[in-house]
Structure formats: structure tokens, C-alpha cells
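J.: generate a structure from the sequence data that follows.
(chains A and B)
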Amino acid sequence: EVQLVESGGGLVQPGGSLRLSCAASGFTFSSYWIHWVRQGPGKGLVWVSRINTDGSSTSYADSVKGRFTISRDNAKKTLYLQMNSLRAEDTAVYYCARVRGTYRSGGGFDPWGQGTLVTVSS
Amino acid sequence: DIQMTQSPSSLSASVGDRVTITCQASQDISNYLNWYQQKPGKAPKLLIYDASNLETGVPSRFSGSRSGTDFAFTISGLQPEDIATYYCQQYDGLPVTFGQGTRLEIK
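T.: Sure, this is the predicted structure:
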């Protein structure tokens, strides 16, 4: 079964850091671009970041640029999101999602992980 | 950024109805448009990719179409299990952007 499972969410104080992980199984992880998408409480979906198949190319939303870093370890079949200088407005469920189709930077996102909740509050 | 204007924001319909949701892109995005279904507490699920292609395993009552920068998502014969929020998403340019969502309820 093709699956993505996020972990690492939790409660963190403003200005703090957190690292999210996204573990992949059931497919050749190193052949797919992966994205992070977040969803604030009761809000819509917002794109955060993406990474190419070997980790050499990354992109970020302006709202997280300079604070978040996406990376991947293809040997461990795991995606990461290092989040620094966290703000209250970063509070959200964070999803990792695979691009449909190998070696494609864009396309439908399928599958998605179940999400991990990040709460930034004092 | 490419803006995706999705309407309506909410919709109430009866079982068996034909339901249509639209998304308008702020510029030409070719067919780089996907549709997702999200049920409460769950991750989004891809239904339609590249404007009009049905994802494997998705019921054929779901369909998508394009006319210029206007995109439509249709459910032909609403079922109780279709209650969810639906989002469009463009991937022609960065940042990837989503529509505001349409909350679908059963009348």
C-alpha cells in the first residue's frame, strides 16, 4: 500500500523550533517530488514547500521562506520539514503529499499523509 | 501568485441532484488544475487531475471540465457519502494555490 505517515507535531512556544517527518512506504520514494501543505484550524489548504527527487531543488511559500527548511533522506524514505522561529500563525495541520507521477514537479497530490498538528502558543 | 476563485463557498443539495462547483484562475493555467475532496478530520483525496481526468478508483459520477480559465467540477447524482469540502488547486506556477473550498451539505 502506498502510504505517507507524518510525525513530529506538537505544542511549541512562539520563536521555538520543531522538525516534522514524513515516512514513505509502498513506492519508490526517490522517484517522486514531495510537497508540504498546511491547514489552519477551520481554514483552507495552503501550500508550504516542495522538494525534488534528490533533494537538490527546493521551493517555499513566502510566508515560511527563511524559517522553514525542507529536506529528504532517500535511503530512509523520509521527508523532513525543519521549522524555526515559529509564530502563532503557523498553527496548523501539516500534510506531506506525493506528486502523482514519477519525476514530475507538479501534478495532482496523491497520496497525502494523515497530517500532524502543530500548535504554536505560549 | 495565481489566484483561484472558487464558488460557491457552500452548497446544499438533495441526494440524486447534479452539483457543480467552479474555479476561475486569475491567468491562463492550461489544464494544470486538480480537484480534491476532504471529509472532516481527514486528509484531502485527489478526485480529478489535469482538469478532466478521473483518478483511479474514483466513481464516475465525478467529472471535471475546462473552458479557458474557468474550470468546473460536477457530481452527477449526489450521494450521501459525497458530503465533504471540495477544493480546486492549480500547479501551473509557484506557489501552488488552492481555491477557498466549497462545503457541500445534504438538503
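J.: quick one: residue A:121 from chain B, how far?
T.: 21 Å (CB to the nearest CB, to the nearest Å). C-beta: built from backbone N, CA, C; applies to glycine.
J.: what pLDDT is listed against that residue?
T.: pLDDT for residue A:121: 97.
J.: thinking it is in contact with residue A:11, fair?
T.: Yes: with contacts counted by CB atoms under 8 Å, residue A:121 reaches residue A:11, the gap being 6.6 Å.
J.: relative to residue A:69, how far out is residue A:87?
T.: 16 Å (CB to CB, to the nearest Å).
J.: who has more neighbours out of the two?
T.: Neighbour comparison, residue A:87 and residue A:69: the larger count goes to residue A:69, with 16 against 13 (by other CB atoms under 10 Å in any protein chain shown).
J.: so which helix or strand takes in the more buried one?
T.: Secondary structure from DSSP states H and E places residue A:69 in strand A:68-73.
J.: for that strand, list every residue counted as buried.
T.: Across strand A:68-73, burial judged by 16 or more other CB atoms under 10 Å in any protein chain shown covers A:68, A:69, A:70, A:72.
J.: could you do stretch A:62-81 as well?
T.: Residues A:64, A:68, A:69, A:70, A:72, A:77, A:78, A:79, A:80, A:81 are the ones in stretch A:62-81 that count as buried (16+ other CB under 10 Å).
J.: and which of these is nearest to residue B:45?
T.: Nearest to residue B:45 out of the buried residues of stretch A:62-81 is residue A:79 (CB to CB; 19.6 Å).
J.: right, and residue A:53 touches residue A:32 too?
T.: Yes: using CB under 8 Å, residue A:53 is in contact with residue A:32, at 6.5 Å.
J.: hang on, the earlier thing: which of residue A:121 and residue A:11 has more neighbours?
T.: Counted by other CB under 10 Å, residue A:121 and residue A:11 do not tie: residue A:11 has more neighbours, with 13 against 10.
J.: give me the beta-bridge partners of the more buried one?
T.: Applying DSSP bridges to residue A:11 gives these bridge partners: residue A:119.
J.: cool, and residue A:49?
T.: Beta-bridge partners, per DSSP bridges, of residue A:49: residue A:36, residue A:60.
J.: check it and give its pLDDT.
T.: 98.
J.: also residue A:24?
T.: Value for residue A:24, per-residue pLDDT: 98.
J.: same question, residue A:105
T.: 82.
J.: for it, grab phi and psi.
T.: With angles defined as degrees, to the nearest 10, residue A:105 sits at phi -80, psi -30.
J.: residues contacting it?
T.: Shown in contact with residue A:105 (CB atoms under 8 Å, 6 or more residues apart in numbering or on different chains): A:33, A:50, A:52, A:99.
J.: circling back: mind listing residues that contact the strand holding residue A:69?
T.: With CB under 8 Å, 6+ apart, strand A:68-73 has contacts from A:29, A:34, A:36, A:48-51, A:55, A:58, A:60, A:78-84.
J.: now do it, average pLDDT.
T.: 98.
J.: got the contact list for whichever helix or strand comes after it?
T.: Using DSSP H and E, the helix or strand that follows strand A:68-73 towards the C-terminus is strand A:78-83. By CB under 8 Å, 6+ apart, the residues outside strand A:78-83 that reach it are A:17-24, A:34, A:36, A:48-49, A:51, A:64, A:67-73, A:90, A:94, A:96, A:118.
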